[in-house]
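Trainee: Turn this into a model:
(one chain, ligands or ions: 1)
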Amino acid sequence: METTEFVLRDAKLADGRVVDIHTFDGLVTEVRKPGSPLHTCLPGVDLERWLVLPAMAEPHAHLDKALTAESVPNLTGDLRGAIDSWMSASSAGRFSYQDTTERATRAMELLLLHGATAVRTHVNVSSGIQSIRAVREAALRMNGLMDVQIVALTSNPMTGPEGKGNRAALAAAIEVGADLVGGCPHLDPDGPGLISHALEVATEAGIGVDLHVDEALDPSVLTLRDLARQVISSGFGNGVSAGHCVTLGLQSPEVQAEVAALVAEAGISVFPLPQTNLFLQGRDSPTATPRGLTATTALREAGVLVAAGADNVQDPFNLVGRSDPLETAALMVMAGHQTPDDSYSMVSTNARRALDLPESSIRPGDVADLVAIDAPSVRAAIADAPMSRRVFRRGVLVASADQDLRIHRTG
Ligand SMILES: [Zn+2]
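Mentor: Predicted coordinates for the structure are as follows:
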């Protein structure tokens, strides 16, 4: 890699300090008062007191499905309707390699423009390896701009004789180079069996596990507990993440605390995914409609690493979404009842930790993955989500956007 020195001048930090951030070879080397004569001759950018924060990261995306809201309608609006419409469009051969590559690339570009320099995406693997190959090609196009991780998302059943084909599909996806083993234990006739198979396959491949867990509103479903117990008893040594975990939010405070303690002991990261769950869940409960969110506060109090993601973006699982982690952070404030600062951590530093990426907390030695936003505070950045942003990856400017708002008064 080429040696580069770069200074982000006149940057406002979240605590209000105005500083110059010196970077060298992609790392933050110094954070100091602005105007050092040493720095004025170095290449850099004057941020005019824009807020500079750790770059954002999307811990749970579906790039193979992104941006298909028009072409794949969800007839019932719920999770079952989304899965059915996707699977029938997929088996009808509606998604070409080229189409998937282009959409995945566009979805990543949108994430990058908003300030995310890393994404973990689930990719359906049950109908062959074309989608995973297409997303890998899209990831190659983003080489140097974003860190990309691909999870092999399996279909159900994964267990029993009827799961033979789906288990073979997972093996093929790992052969192609999936970075993590995925799956949905709550949708399998044998959830614990799916979990134990996922852990075995991941152990053999030397990779981590990232499951869709308990994306339902039935409180009797709680495979998160099974996952935690199996991770602890197996001594599984690679990373484990659990997305959704909706039914934990339906439990009593005692059960939430008990399961959260197990999840913390197992070292599992949990990803609330507010956009998609607010869209999909609770459609048959017109009174006091549940939010479909996990027990974020109980998990955090137990010491679980919680990172928040957007999940689906403009597809049958979520018709809207703008590929902006600040949208996720706003929902964690409004629907998840977290503070703005904590919510921002969940879409930035916590998400990076969950993805096992190097720290980017703007301290010497951290990677210089940063986002500058024309906003006076973290709260205001989340509230206004201004599209005046500069995105830096490893100390290099990789995306910029400028918002131009005008009121034209007449007379
Ligand atoms: Zn998902």
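Trainee: ok, how many other residues are close to Glu254?
Mentor: Applying other C-beta atoms under 10 Å, we find 9 residues neighbouring Glu254. For glycine as for every other residue, the C-beta is placed from the backbone atoms N, C-alpha and C.
Trainee: can you give me the helices in the stretch 101-250 of the chain?
Mentor: Secondary structure of the stretch 101-250 of the chain by DSSP state H, counting those that start in this stretch: the helices cover 130-141, 164-176, 191-205, 223-234.
Trainee: and the second one, average pLDDT?
Mentor: The pLDDT scores in helix 164-176 average 96.
Trainee: Next, the buried residues of that helix.
Mentor: By neighbour count with 16 or more other C-beta atoms under 10 Å, helix 164-176 contains the buried residues 166-167, 169-170, 173-174.
Trainee: same thing with stretch 94-106?
Mentor: Buried positions in stretch 94-106, judged by neighbour count with 16+ other C-beta under 10 Å: 95, 100-105.
Trainee: Show me which helix or strand of this structure is least confident by mean pLDDT.
Mentor: For the chain, scoring each helix and strand by mean pLDDT, DSSP states H and E identifies helix 37-40 as the least confident one, at a mean of 69.
Trainee: ok, now which ones touch Asp214?
Mentor: With contacts defined as C-beta atoms under 8 Å, 6 or more residues apart in numbering, the neighbours of Asp214 are 186, 221-224, 244-248.
Trainee: same thing with Val148?
Mentor: Contact criterion C-beta under 8 Å, 6+ apart gives 108, 118-121, 139, 142 as the residues in contact with Val148.
Trainee: between these, which is closest to Leu280?
Mentor: Proximity of the contacts of Val148 to Leu280, judged by C-beta to C-beta, is greatest for Thr121, which lies at 18.4 Å.
Trainee: From Val151, how far off is the closest one?
Mentor: 7 Å (C-beta to C-beta, to the nearest Å).
Trainee: Among the buried residues of stretch 94-106, which one sits closest to Leu42?
Mentor: Within the set of the buried residues of stretch 94-106, Thr105 lies nearest Leu42; the separation is 33.2 Å, counting by C-beta to C-beta.
Trainee: Any idea how many residues pack against Ile407?
Mentor: Burial measure for Ile407: 4 neighbouring residues, criterion other C-beta under 10 Å.
Trainee: What distance do you get for it to Asp384?
Mentor: Taking C-beta to C-beta, one finds Ile407 at 16 Å from Asp384.
Trainee: ok, now Asp78?
Mentor: As judged by C-beta to C-beta, Asp78 and Asp384 stand 32 Å apart.
Trainee: just His114 next, same as before
Mentor: Distance of His114 to Asp384, computed by C-beta to C-beta: 13 Å.
Trainee: and the two? which has more neighbours close in?
Mentor: Taking neighbours as other C-beta under 10 Å, His114 and Asp384 compare with His114 leading, 23 against 15.
Trainee: what's the nearest residue to that one if we skip its chain neighbours?
Mentor: Excluding its sequence neighbours, the residue lying closest to His114 (C-beta to C-beta, 6 or more residues apart in numbering) is Asp324, at 4.0 Å.
Trainee: residues contacting the one you found?
Mentor: By C-beta under 8 Å, 6+ apart, the contact list for Asp324 reads 110, 114-115, 385.
Trainee: Which of these sits closest to Ala14?
Mentor: Gly115 (14.0 Å).
Trainee: got the phi/psi numbers for the closest one?
Mentor: Backbone torsions for Gly115, taken as degrees, to the nearest 10, come to phi 120, psi 10.
Trainee: Just list the residues touching it, thanks.
Mentor: 55-56, 324-326, 371, 373, 389, 391, 399.
Trainee: same thing but 7 Å
Mentor: For Gly115, the residues meeting the contact criterion (C-beta atoms under 7 Å, 6 or more residues apart in numbering) are 55-56, 325, 371, 389, 391.
Trainee: Can you pick out the ones from the residues you listed that are in strands?
Mentor: With strands taken from DSSP state E, the overlap with the contacts of Gly115 comprises 56, 371, 389, 391.
Trainee: looking at it, the second one is touching Arg389, isn't it?
Mentor: Yes. Val371 lies in contact with Arg389 (C-beta atoms under 7 Å); the separation is 6.0 Å.
Trainee: Looking at the record's assignment, how would you partition the protein?
Mentor: Structural domains of the chain, as assigned by automatic domain parsing, span the residue ranges 5-54+361-401, 56-354.
Trainee: Excluding sequence neighbours, find me the nearest residue to Trp50.
Mentor: Setting aside the residues directly before and after it, Trp50 is nearest to Ala372 in space (C-beta to C-beta, 6+ apart), at 4.4 Å.
Trainee: wait, doesn't the one you found sit right on Leu47?
Mentor: Yes. Taking C-beta under 7 Å as the definition, Ala372 is a contact partner of Leu47 at 5.0 Å.
Trainee: quick one: the strands in the stretch 51-200 of the chain?
Mentor: Taking DSSP state E, counting those that start in this stretch as the criterion, the stretch 51-200 of the chain carries its strands at 51-54, 56-61, 116-124, 147-153, 180-181.
Trainee: Could you pick out the buried ones from the contacts of Asp214?
Mentor: Members of the contacts of Asp214 that pass the buried threshold by neighbour count (16+ other C-beta under 10 Å) are listed as 186, 221-224, 244-248.
Trainee: Keep only those of these that are in strands.
Mentor: With strands taken from DSSP E, the overlap with the buried ones among the contacts of Asp214 comprises His244.
Trainee: Out of the buried ones among the contacts of Asp214, flag the one nearest to Thr68.
Mentor: Comparing the buried ones among the contacts of Asp214 against Thr68 with C-beta to C-beta picks out His244 as the nearest, at 20.6 Å.
Trainee: I'd like to know how far that closest one sits from Pro34.
Mentor: From His244 over to Pro34 the distance is 44 Å, taken as C-beta to C-beta.
Trainee: Output the below-cut-off pLDDT ranges for the stretch 101-250 of the chain.
Mentor: When residues are selected by pLDDT under 70, none of them lie in the stretch 101-250 of the chain.
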